[in-house]
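In: This is a predicted model, with the sequence first.
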Amino acid sequence: MKSCRSPRRCIAHIAPLAALCAAALLASACGSVVPDRFYTLAGPARGAPRAAPAQFYIELMPVDVPQQVARSQFVVTTGPGQVALLEHERWSAPLSDEMGRALSDEVSRALGAIDVYRTPHPATSPVFRIHVNVQRFESAPGAHAGLEATWSVRALPDGVPVTCHSTIEEPVAAGYEALVAGHRRALQRLSADIADVVRELVQHRCATSACVAPPSGRTGTRIAPTGAVPDPALRCSAPA
């Protein structure tokens, strides 16, 4: 390259080169952009369409989740007392909504009922209100998906609530798809616990009035005073 003794001529030579370098850097940066990936806790639709009106209803209230995970990004455990916020791994809706939709689908399907939260329904049909308060929602990729929740079921308008606590942990393989699948399995187990308690309350109601009991679930009652349930993952305090 010829030396340029005039400052003006030097600038004329350098300016095009700087523009080319800037364009190359911009192209490189654009090519390395990582796309956001979105996940959902709701499973695929299952079962045949309902052909007859429901004999009773559920009302699943909005799910409470810890503030640490109440965001669109994944919050994953990286070590003892350490978490990481993953900017490009995201839930398709707020985590509370994701969990609420998944629980509503699973419990409704298990009971053959309809979730009537914020929906008009016949005043003569019984409604069982469900509250779920999640205390722990832990994501450890390649290790486990953890869920701990206190929840209650009561018959409206003035039934005595049954309050339960579920602790669930599902082993997961490496990868975020496997982690999400583990959380789905954990929510399915929680849904089964909730459905069992609703069944017990409906069957108790049917023992004193004319009604149709829901399909039977897992064998054995799930309602018992705290400490009397054989399964340590579920503790319930039932009305006397």
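Out: That came through, no problem. Numbers count the residues shown, from 1 in each chain.

In: next SSE after the longest helix out of those in the chain?
Out: For the chain, the helix reaching the highest residue count under DSSP state H is reported as helix 176-206. Scanning forward in sequence from helix 176-206 by DSSP states H and E, the next helix or strand is strand 234-237.

In: Parallel or antiparallel, which strands does that following strand pair with?
Out: With DSSP bridges as the test, strand 234-237 is paired with strand 162-171 (antiparallel).

In: list the buried ones in the partner strand?
Out: V162, T163, C164, H165, S166, T167, I168, E169, E170 (16 or more other Cβ atoms under 10 Å). C-beta here means a position set from N, CA and C on the backbone, and glycine is covered the same way.

In: for the longest strand along the chain, packing partners?
Out: Selection of the longest strand in the chain by residue count, based on DSSP state E, yields strand 127-140. Of the remaining helices and strands, those touching strand 127-140 by 3 or more Cβ pairs under 8 Å, 6 or more residues apart in numbering; DSSP states H and E are strand 57-60, strand 73-79, helix 95-111, strand 144-155, helix 176-206.

In: closest to R37 out of those?
Out: For the helices and strands packed on strand 127-140, distance to R37 was read as Cβ to Cβ. The smallest value, 7.3 Å, belongs to helix 176-206.

In: what about the closest one, average pLDDT?
Out: Rounded to a whole number, the mean pLDDT of helix 176-206 is 93.

In: How about stretch 101-112?
Out: Regarding stretch 101-112, the rounded mean pLDDT is 95.

In: Not counting its neighbours along the chain, what's nearest S72?
Out: If the residues on either side of it in the chain are set aside, S72 comes closest to R90, at 4.7 Å by Cβ to Cβ, 6 or more residues apart in numbering.

In: Compute the number of surrounding residues for that neighbour.
Out: Applying the criterion other Cβ atoms under 10 Å, we find 15 residues in the vicinity of R90.

In: picking up where we left off before, Q73: which of the buried residues of strand 162-171 is nearest?
Out: For these, the nearest to Q73 is E170 (21.1 Å; Cβ to Cβ).

In: neighbours around the closest residue to that closest one other than its chain neighbours, how many?
Out: Taking Cβ to Cβ, 6+ apart, and ignoring the residues beside it in sequence, E170 has G182 as its nearest neighbour in space, at 4.2 Å. Burial of G182 is recorded as 23 neighbouring residues (other Cβ under 10 Å).

In: pretty sure G182 is in contact with I168, am I right?
Out: No: the pair G182 and I168 fails to qualify as a contact (Cβ atoms under 8 Å) at a distance of 10.0 Å.

In: Spit out the contact partners of the residue nearest to S72.
Out: With contact taken as Cβ atoms under 8 Å, 6 or more residues apart in numbering, R90 is in contact with D36, R37, F38, Y39, S72, Q73, F74.
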